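J.: sequence plus the predicted model coming up.
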Amino acid sequence: MSEDIRKIIDKVKNFNQFVNESVDINNLTPITINVMGKQFTWNELNGGKLYHGSRTELNVGDLLIPQKEQNFKESDKNKISITSDYNRAKLWVLKIKSDNPIFIYEIEPISDIEIWRVSLAKQGTKFDLWEGRVDSAKILKKDVL
């Protein structure tokens, strides 16, 4: 087998491994998140958990991916909105006109997190992710309200 073919095979193996891995927010490369002039890293996220609210029932372990229908016209139909605030996820779902139950999912991102809105928490020692967006996420826990 030629050296070029071996390199291609190694790249495919590495890519497949990357695609199947989840993103652990506690082990992300220490990027800096600027919140009102203060610098934070992901391990300083208030509560350390991320949530997504929905009226669609999924199961723990399922992959959460964007759907064709978006809940709000200002939402990106190619992304999933997430938050570190459980109650904010619940409020988003309450705005959806549906008779279906409310589901709040604790999620683990499988793609980079796009930060949209953040705020200071715990007297400025932590930060809240009010809204972020991801391409996909794995469901870790499900609450039915």
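T.: Perfect, thanks for sending it. The shown structure was predicted, so the numbers you read here are calculated from the model rather than taken from an experiment. Numbers count the residues shown, from 1 in each chain.

J.: look up phi and psi at the residue most central in space within the chain.
T.: Nearest to the mean C-alpha position of the chain, by Cα atoms, centre = their mean, lies Pro109 at 4.1 Å. Main-chain torsions, Pro109, degrees, to the nearest 10: phi -60, psi 140.

J.: how much space separates it from Gly37?
T.: Taking Cβ to Cβ, to the nearest Å as the measure, Pro109 and Gly37 are separated by 26 Å. C-beta here means a position set from N, CA and C on the backbone, and glycine is covered the same way.

J.: next one: Ser119
T.: 13 Å.

J.: of the two, which one has the most company?
T.: Each of Ser119 and Gly37 has its neighbours counted (other Cβ atoms under 10 Å); Ser119 has more, 13 against 7.

J.: now the more buried one: which helix or strand?
T.: Assessed by DSSP states H and E, Ser119 sits inside strand 114-121.

J.: next, the angle from the very next helix or strand once past that strand to strand 114-121.
T.: Sequence order places strand 126-134 as the next helix or strand after strand 114-121, per DSSP H and E. Angle of strand 126-134 versus strand 114-121, following axes from the mean of the first three to the mean of the last three Cα atoms, to 10 degrees, is 160 degrees.

J.: give me the contacts around strand 126-134.
T.: Identification of contacts with strand 126-134 by Cβ atoms under 8 Å, 6 or more residues apart in numbering yields 33, 35, 38, 40, 44-46, 50, 76, 79-85, 88, 109-121.

J.: from the contact counts, what lies against the helix or strand hosting Glu108?
T.: Per DSSP H and E: Glu108 is located in strand 103-109. Applying 3 or more Cβ pairs under 8 Å, 6 or more residues apart in numbering; DSSP states H and E, one finds that strand 103-109 makes contact with strand 50-54, helix 86-94, strand 137-144.

J.: pairing partners for it, with directions?
T.: strand 50-54 (antiparallel), strand 137-144 (antiparallel) (DSSP bridges).
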